[in-house]
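Novice: Sequence plus predicted model, see below.
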Amino acid sequence: MVLALKDQWIWDSWYAHDGQKWHGYYLKADKSLGDPDLRHFNVSQGHAVSDDLVNWEHLGTCLAPSKGPAFDDTTTWTGSVIQGPDGLWHLYYTGGGSAEKGLYQRIGHATSTDMHSWERVEQVPGNPGLCLDMSGPAAEAYESEHVIGHWHDRAMRDPWVMKDPDGDGWLMYFTGRAPDIEEPNAGGCIGFATSPDMYNWTLQPPVFTGGFGQLEVPQVFEVSGKWYCLFCTSGHQWSEAYRAANPQPPVTGSHYLIADNPRGPWSIAPGPFLDGDMPCRRYAARILDTGDGLVIMGFADSGKDTFIGHVMDPEPVEVGPDGLLTVRRNAQAAE
């Protein structure tokens, strides 16, 4: 079994556990579009539940672009779901608006009591859902405008939110880019923001910059006192420095940063790229703790011409005595 829909492609996904079941959230678009590249601007979010991360019950669409005009009337992309201290569930997601042809990304926020019906939080009057933009003193640490010809968008997407382990507040990580870096593939960064209450967020400088042109879909987690930031990127977006440090041929997939504290300093994990292939086998991966060990899940890609578009079954992830991660691929796992 895989997390799949007959008439729709599925790609980026994220997960939450309610104490009884896994909830899987994912981006989806109709296969009738024909060209899989069109899926990004014809997107909604789906929701499914599972006892074992293998057998899934689909519950339908749980979030779609606003009817507009709004910051998210074109796209509602990848995010994360987390429960607040009062039991309310929070969805943080990527929004893109028609006013800028979807090219400027911002962070959205919605809440739910049932993990399916989401209501946008109106923090910014007149723009329900808008949670965080490139504003405030720290904005100068980011490529806060669309640098045409440098990249195809203004990156501020894929928010990952977690409780601050060292305080009462909350931490957000996201995909961004740093300014004024001559080599585009050296300018990707992990953006950062903080909040005392899950509603009011302050943009902070990036916690990591470099190595790749994009560090997409970040996920920060801790294992045995060591902190990891999983991300995905294309083999075409390896920087010159990372190509020199890693002698393997460039691959597309997921790798990770490693640190002793979630605020950093972060560094690229040494050794082979964690989970990559060319053409890409699995992208936008997440690592989940099942209680019986770690597993990795992400969508089956294979490239535009043969795009698959479902979430692959979980495969085991092992943590070595040196703290480094290894994916144990299952030859029988559905591709």
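Specialist: Happy to help now that I have it. Everything quoted here is computed from the prediction, not taken from an experiment.
Novice: Only C-alpha atoms from now on, for both contacts and neighbour counts.
Specialist: OK.
Novice: Strands of the stretch 51-200 of the chain, start to end?
Specialist: 56-63, 75-83, 89-96, 105-112, 119-120, 130-132, 157-163, 170-177, 188-195 (DSSP state E, counting those that start in this stretch).
Novice: among those strands, which is nearest Gly24?
Specialist: Closest approach to Gly24 among the strands of the stretch 51-200 of the chain is made by strand 56-63 (8.7 Å; C-alpha to C-alpha).
Novice: now that closest one, how far from the chain's geometric center?
Specialist: 19 Å (C-alpha atoms, centre = their mean, to the nearest Å).
Novice: per-residue confidence averaged over that strand?
Specialist: Taken as a whole, strand 56-63 has an average pLDDT of 98.
Novice: So in that sheet, which strands flank that strand, and in what orientation?
Specialist: strand 44-50 (antiparallel) (DSSP bridges).
Novice: Okay, angle between the partner strand and strand 89-96 too, please.
Specialist: Interaxial angle of strand 44-50 relative to strand 89-96 (axes from the mean of the first three to the mean of the last three C-alpha atoms, to 10 degrees): 150 degrees.
Novice: Give me the residues contacting strand 44-50.
Specialist: 21-29, 56-65, 75-77, 116 (C-alpha atoms under 8 Å, 6 or more residues apart in numbering).
Novice: returning to what we had before: arrange the strands of the stretch 51-200 of the chain in CSV, one row each, with mean neighbour count and distance to Gln214 as further columns.
Specialist: Shown next, in CSV, are the strands of the stretch 51-200 of the chain (neighbours: other C-alpha atoms under 10 Å; distance: least, C-alpha to C-alpha, whole Å):
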stretch, mean neighbour count, distance to Gln214
strand 56-63, 16, 26
strand 75-83, 25, 15
strand 89-96, 26, 16
strand 105-112, 24, 14
strand 119-120, 18, 28
strand 130-132, 24, 20
strand 157-163, 25, 11
strand 170-177, 25, 7
strand 188-195, 24, 5
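Novice: And these: which comes nearest Asp301?
Specialist: Judged by C-alpha to C-alpha, the one of the strands of the stretch 51-200 of the chain that comes nearest to Asp301 is strand 75-83, at 16.3 Å.
Novice: That closest one - contacts with which helices or strands?
Specialist: With contacts defined as 3 or more C-alpha pairs under 8 Å, 6 or more residues apart in numbering; DSSP states H and E, the secondary structure elements packing on strand 75-83 are strand 8-17, strand 22-30, strand 44-50, strand 89-96, strand 157-163.
Novice: Determine the angle, from 0 to 180 degrees, between the first one and strand 44-50.
Specialist: Strand 8-17 and strand 44-50 are oriented at 60 degrees to each other (the same axes, to 10 degrees).
Novice: List the neighbouring strands of strand 8-17 plus their orientation.
Specialist: In the sheet, strand 8-17 lines up with strand 22-30 (antiparallel) (DSSP bridges).
Novice: Go ahead and measure how far the strand it pairs with is from the middle of the chain.
Specialist: 13 Å.
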